[in-house]
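Engineer: Need the 3D shape of this:
(2 chains)
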Number of protein chains: 2
Amino acid sequence: MPDRIAISADLGGSAIKAGAVDENGKILRELRVETRASEGVDAVLWRIETVVDSVRNNLRDSHHEIIGAGVGCPGLVNTQTGTVHFAPNLTGWQDVELGPRLAERLKMPVLVENDANAAAWGEFWIGSAKTASSLVLFTLGTGIGGGIVLDGEIWHGSTDTAAELGHMIVEANGEPCACGSRGCLEAYSSVTGIRRRATEAINAGESSALSTYLNNGELSGEEVYTCALSGDPLAARLMREAGYYLGVATVTVMHMLNPEKILFAGGLAAATDMIMNPIREVVQTRALNVPRDKASVDFAYLADKAGLIGAAGCVFHRYATSA
Amino acid sequence: MPDRIAISADLGGSAIKAGAVDENGKILRELRVETRASEGVDAVLWRIETVVDSVRNNLRDSHHEIIGAGVGCPGLVNTQTGTVHFAPNLTGWQDVELGPRLAERLKMPVLVENDANAAAWGEFWIGSAKTASSLVLFTLGTGIGGGIVLDGEIWHGSTDTAAELGHMIVEANGEPCACGSRGCLEAYSSVTGIRRRATEAINAGESSALSTYLNNGELSGEEVYTCALSGDPLAARLMREAGYYLGVATVTVMHMLNPEKILFAGGLAAATDMIMNPIREVVQTRALNVPRDKASVDFAYLADKAGLIGAAGCVFHRYATSA
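Structural biologist: Coordinates of the predicted model:
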């Protein structure tokens, strides 16, 4: 019997990654092309098709049965129809029928999943949460997303918009968030939030190595982390506070959902102890004993492969039994 | 074929209610006795058995098939074993094998459920959420509890402690909570929280009709509501703020779980618009459009019958198909 394979793609604002993944979650082939979202929806669709097709063709001579493809996509997707309603980092992506179009061109079943949900599924399937039955994943990057797995299924909510963990309110009258609300987790613990807070502090007269980066354009999470490591007080404080607010959100997640695992993924999570120590301190001092003692709070193991592996895992989960 | 009936009991700090409920959620018989928790665990267990048995005997001559009993209990229960680990309002209740003991005495299957979970199941089964597939219920009283129904099942979490909605953190550095943390929803929007805040304001020199009640002993939610209705500024402000923080928690619930229904039950919820208006205002201005537009935010319809009906509903859900 040939090995069963799922093709997966991870559609990001700057790159499209595609892979061939086996039933153990092992990536057998991997390709990466630029997204070039500015060239428009059709150009991006063509590039997704091309890169997925290349991965597939690359497998042709081997003994594999390809059972379908899964695409992890940022933003708001309809997982039933495969439509992308809105993707914040992809110019012009409004109600794009990504799933049906890919299925027609590639002649195979295609599912579309929110990228953070796909990453959560990857961690649940084969990563840091593979022994757990419930998982909440925070993805820390420009913004903050999330994925929730309950009782062995991704929880999508009633309109496919569950796990918008960046917009949990952690400070009722807190700082402004890009969403129009205030006090969202994303306003404190995302790269965007840290950048805004750094700018405010520097404009208010605080001196920091971060000002050089801000003056030269964008400030990345890695740069804040580097400055904090080298002892810059503002950078260190902002990282600590980012962790603190993640800890506050983690306590709320524990008290609401009492999951077995709570994981952190993405660029900022790579700052390891600088983020995880304040998270653990808040959890230790402020969570109720019973949900806390049985829950583990950790980094996500699969790191930037979680989306690719998870989208493939979704394909196996949805199509494998009927294939 | 005889009608199938579930016996249910709602175990509270001051009263034990018991009922016989049919498959449509209709209460056919109902009894109420005092709990008298101070008399000890065995005395309370005997009173539960007696009142449940009285309800059952009262049905003997009619054409009913009793398929089991369900008990809604405050605090921390193990829904698999029927053990009550801890019940804050019941003196001495530590690891009481309520389910097994009742089953042995009553010679029928007995399940034990957290009382707020039972109320959520009642609303889901036959009340305000009966057309929904997902529901989050806040119970507003001395403290704040909750119940979560997802995809047609109560979500218990990994250690049966999910839906502790009173301990969602809504104000990261906020007011102290009885749980030892700070900024919990319960510190602002429960009767205990309102009472503490009223005391602080009055001690700080604010004049209010509430001071009379506080000086005479306990201050109830109804009294705060009455004073607010009659124009007392402190009472009105505390009610408005209780609603405001419930709105903040509601936004977090929407963004995390994207449920179809969010309901409010209990004494304080009876203050209707005074609580619901600020909740709706926060939701309208601060929730993301998609989860907000499809979610309904309402009072719970079954009011103080939700626990009794819901515990019976749990019996039908667990035992009816195999009966």
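Engineer: Which residue, other than its chain neighbours, is closest to A:Leu59?
Structural biologist: Nearest residue to A:Leu59 in three dimensions, chain neighbours excluded: A:Ala20, at 5.5 Å (C-beta to C-beta, 6 or more residues apart in numbering or on different chains). All C-beta atoms are positioned from the backbone trio N, CA, C, and that covers glycine.
Engineer: mind saving the C-alpha coords of the helix or strand hosting the one you found as CSV?
Structural biologist: Here A:Ala20, judged by DSSP states H and E, is contained in strand A:15-22. Output in CSV follows, covering the C-alpha atoms of strand A:15-22 (Å, rounded to 0.1, in the frame of the first residue of the first chain):
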residue,chain,number,x,y,z
ALA,A,15,5.8,34.0,1.5
ILE,A,16,3.8,31.0,0.4
LYS,A,17,5.2,27.8,1.7
ALA,A,18,4.1,24.4,0.4
GLY,A,19,5.0,20.9,1.5
ALA,A,20,4.2,17.3,1.2
VAL,A,21,3.5,15.7,4.6
ASP,A,22,3.1,12.1,5.5
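Engineer: Pull out the buried positions in that strand.
Structural biologist: For strand A:15-22, the neighbour count (16 or more other C-beta atoms under 10 Å in any protein chain shown) marks A:16-21 as buried.
Engineer: Make a markdown table from the residues you listed and add pLDDT and distance to A:Asp298 to it.
Structural biologist: Converted to a markdown table, the buried residues of strand A:15-22 look like this (pLDDT from 0 to 100; distance: C-beta to C-beta, whole Å):
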| residue | pLDDT | distance to A:Asp298 |
| --- | --- | --- |
| A:Ile16 | 95 | 29 |
| A:Lys17 | 95 | 24 |
| A:Ala18 | 97 | 28 |
| A:Gly19 | 96 | 24 |
| A:Ala20 | 96 | 28 |
| A:Val21 | 96 | 23 |
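Engineer: Mind picking the one among the residues you listed that's closest to B:Thr199?
Structural biologist: Set against B:Thr199, the nearest of these by C-beta to C-beta is A:Lys17 (58.3 Å).
Engineer: Any figure for the gap between the closest one and A:Arg4?
Structural biologist: Distance, A:Lys17 to A:Arg4, using C-beta to C-beta, to the nearest Å: 21 Å.
Engineer: go on, A:Thr192?
Structural biologist: From A:Thr192 to A:Arg4 the distance is 40 Å (C-beta to C-beta).
Engineer: was I right about the residue nearest to A:Leu59 contacting A:Arg56?
Structural biologist: Yes: using C-beta atoms under 8 Å, A:Ala20 makes contact with A:Arg56 at a distance of 7.4 Å.
Engineer: Need the residues touching each of the two.
Structural biologist: A:7, A:66 (C-beta atoms under 8 Å, 6 or more residues apart in numbering or on different chains).
Engineer: partner strands of the strand holding A:Ala20, parallel or antiparallel?
Structural biologist: strand A:3-11 (antiparallel), strand A:27-34 (antiparallel) (DSSP bridges).
Engineer: can you list the domain ranges for chain A.
Structural biologist: Per the record, chain A has its domains at A:3-115+A:304-319, A:128-301, by automatic domain parsing.
Engineer: re the thing from before, just give me how far the strand holding A:Ala20 sits from the chain centre.
Structural biologist: Offset of strand A:15-22 from its chain centre (C-alpha atoms, centre = their mean, to the nearest Å): 15 Å.
Engineer: Show residues contacting it.
Structural biologist: Applying C-beta under 8 Å, 6+ apart, the set of residues contacting strand A:15-22 is A:3-10, A:27-35, A:44, A:47-48, A:51-52, A:54-56, A:58-59, A:64, A:66, A:307-309, A:312-313.
Engineer: what does stretch A:154-161 give?
Structural biologist: A:76-80, A:113-114, A:117, A:120-121, A:147-149, A:162-163, A:314, B:132-134, B:150, B:255, B:257-260, B:288, B:290-291, B:294-295.
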